[in-house]
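A.B. asks: quick one, structure for this:
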Amino acid sequence: LQLVESGGGLVQPGGSLRLSCTAPGFILDDYDIGWFRQAPGRAREAVSCISTRGEIRHYADSVKGRFIISRYNAKNTVFLEMDSLKPEDTGNYYCTADNSGGACYDEAMTATYDYRGQGTQVTVSS
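C.D. replies: Numbering: from 1, shown residues only. Have a look, this model is predicted:
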């Protein structure tokens, strides 16, 4: 399973971006999907996750109220809508997938995912 992210870029503080995660040739319907970010000198951070049917969604405290995760299974895509971006949101954002069941049940988002993409860079700067 290869995950491919897109939608990153350079944006000014207060701006918005929408990231996409897809898996060419695979069906993501049975996978919980997580978004993580990694910035130089900082620990990896779990940003958000969504269960297979979208009924469970969790967010890091740092992004609550600003980011929205969603999935469009008909198009085999998971989105991360990011609004009111801050410089501290800068980092490489990558999506992860797991079909063992329950990866997104944990509100603390400590689960391990089996697959991850290379990521897309998000830079928030004026």
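
A.B. asks: find the residue at the geometric middle of the protein.
C.D. replies: residue 35 (2.4 Å; C-alpha atoms, centre = their mean).

A.B. asks: what's the closest non-adjacent residue to that residue?
C.D. replies: residue 47 (4.5 Å; C-beta to C-beta, 6 or more residues apart in numbering). Every C-beta, even on glycine, is put in place using the N, C-alpha and C of the backbone.

A.B. asks: count of neighbours near the one you found?
C.D. replies: 25 (other C-beta atoms under 10 Å).

A.B. asks: relative to residue 85, how far out is it?
C.D. replies: 12 Å (C-beta to C-beta, to the nearest Å).

A.B. asks: dump the helix or strand hosting residue 81 to CSV, restricted to CA.
C.D. replies: Element membership for residue 81 (DSSP states H and E) is strand 77-82. Below are the C-alpha coordinates for strand 77-82, written out as CSV (Å, rounded to 0.1, in the frame of the first residue of the first chain):
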residue,chain,number,x,y,z
THR,A,77,-9.2,10.2,-0.6
VAL,A,78,-8.8,11.6,2.9
PHE,A,79,-8.6,15.3,3.4
LEU,A,80,-7.1,17.5,6.0
GLU,A,81,-8.5,21.0,5.8
MET,A,82,-6.3,23.5,7.6
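
A.B. asks: helices and strands around it, which ones?
C.D. replies: strand 17-22, strand 45-50, strand 67-72, strand 91-98 (3 or more C-beta pairs under 8 Å, 6 or more residues apart in numbering; DSSP states H and E).

A.B. asks: got CSV for those strands, with mean pLDDT and distance to residue 107 too?
C.D. replies: Formatted as CSV, the helices and strands packed on strand 77-82 follow (pLDDT from 0 to 100; distance: least, C-beta to C-beta, whole Å):
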stretch, mean pLDDT, distance to residue 107
strand 17-22, 98, 21
strand 45-50, 97, 10
strand 67-72, 97, 14
strand 91-98, 97, 16
